[in-house]
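*Asks:* attaching a predicted model along with its sequence, questions to come.
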Amino acid sequence: EAQVTQNPRYLITVTGKKLTVTCSQNMNHEYMSWYRQDPGLGLRQIYYSMNVEVTDKGDVPEGYKVSRKEKRNFPLILESPSPNQTSLYFCASSVRQTSSYNEQFFGPGTRLTVL
Amino acid sequence: AQSVTQLDSQVPVFEEAPVELRCNYSSSVSVYLFWYVQYPNQGLQLLLKYLSGSTLVESINGFEAEFNKSQTSFHLRKPSVHISDTAEYFCAVHRNTGFQKLVFGTGTRLLVSP
């Protein structure tokens, strides 16, 4: 089954304790992206990757890191989480970003609480 | 840059009543338009999209949206809602040339009650 998976689905942690949220897709997609969803703000892009070893900042990158060493994986790293990073996180992927339409497929989400 | 406005944060409606969720966008270039749905405790699913052609687009579960270029709107409608339509709905846009960044609205929570 074609899908985007995220782990963990739920995480409660404390301020300053490094964590990684994994994202994996099995569709051989070039483009991957991370979003955070907050009430009243919708989804905002954190980071994206056009292909392996190519990453760039989105709208709200502060406090996050990413890497793209393999095509299928795009982990989101919080080196020193803070309470304002409590949010619902979504990973998404699409074939590639070009001038023609390519649907983005979303993972099930990771609910993160930072105490 | 593109932006999306969903003025209604929450829309309560009774089962079998019609509903309209409003979406307006702003862009200096031509865009593609989307509605995504998020059911409770689930990820986002593409509900319908406008890329080109007919300005009225439909989903498989009875929703429809009409692209109105002069009013820069893409409102979502359903003539008769079900309890199972309770979800959060996001309007989104991206330009149809160059780098396609998906820009989301703030979402509208549709609450259908019996």
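*Replies:* It's in. Numbering: from 1, shown residues only, chains lettered A, B, ... in the order given.

*Asks:* excluding chain neighbours, what is closest to A:Glu53?
*Replies:* A:Arg68 (6.1 Å; C-beta to C-beta, 6 or more residues apart in numbering or on different chains). In this view, the C-beta of every residue, glycine as well, is placed from N, C-alpha and C.

*Asks:* count the neighbours of that neighbour for me.
*Replies:* By the criterion of other C-beta atoms under 10 Å in any protein chain shown, A:Arg68 has 20 neighbours.

*Asks:* pretty sure it sits against A:Val54.
*Replies:* Yes. Applying C-beta atoms under 8 Å as the test, A:Arg68 and A:Val54 come out as touching, 6.8 Å apart.

*Asks:* residues contacting the nearest residue to B:Pro79 once chain neighbours are set aside?
*Replies:* Spatial nearest neighbour of B:Pro79, excluding adjacent residues (C-beta to C-beta, 6+ apart): B:Pro18 at 5.1 Å. Shown in contact with B:Pro18 (C-beta atoms under 8 Å, 6 or more residues apart in numbering or on different chains): B:Arg77, B:Lys78, B:Pro79, B:Ser80, B:Val81.

*Asks:* quick one: pLDDT of the third one?
*Replies:* Going back to what we said before, that points to B:Pro79. Per-residue pLDDT puts B:Pro79 at 97.

*Asks:* that one against B:Gly62, yeah?
*Replies:* Yes. At 7.4 Å, B:Pro79 counts as touching B:Gly62 under the criterion of C-beta under 8 Å.

*Asks:* gap between the residue nearest to A:Glu53 and chain B?
*Replies:* 17 Å (C-beta to the nearest C-beta, to the nearest Å).

*Asks:* repeat for A:Leu112
*Replies:* Going from A:Leu112 to chain B by C-beta to the nearest C-beta gives 15 Å.
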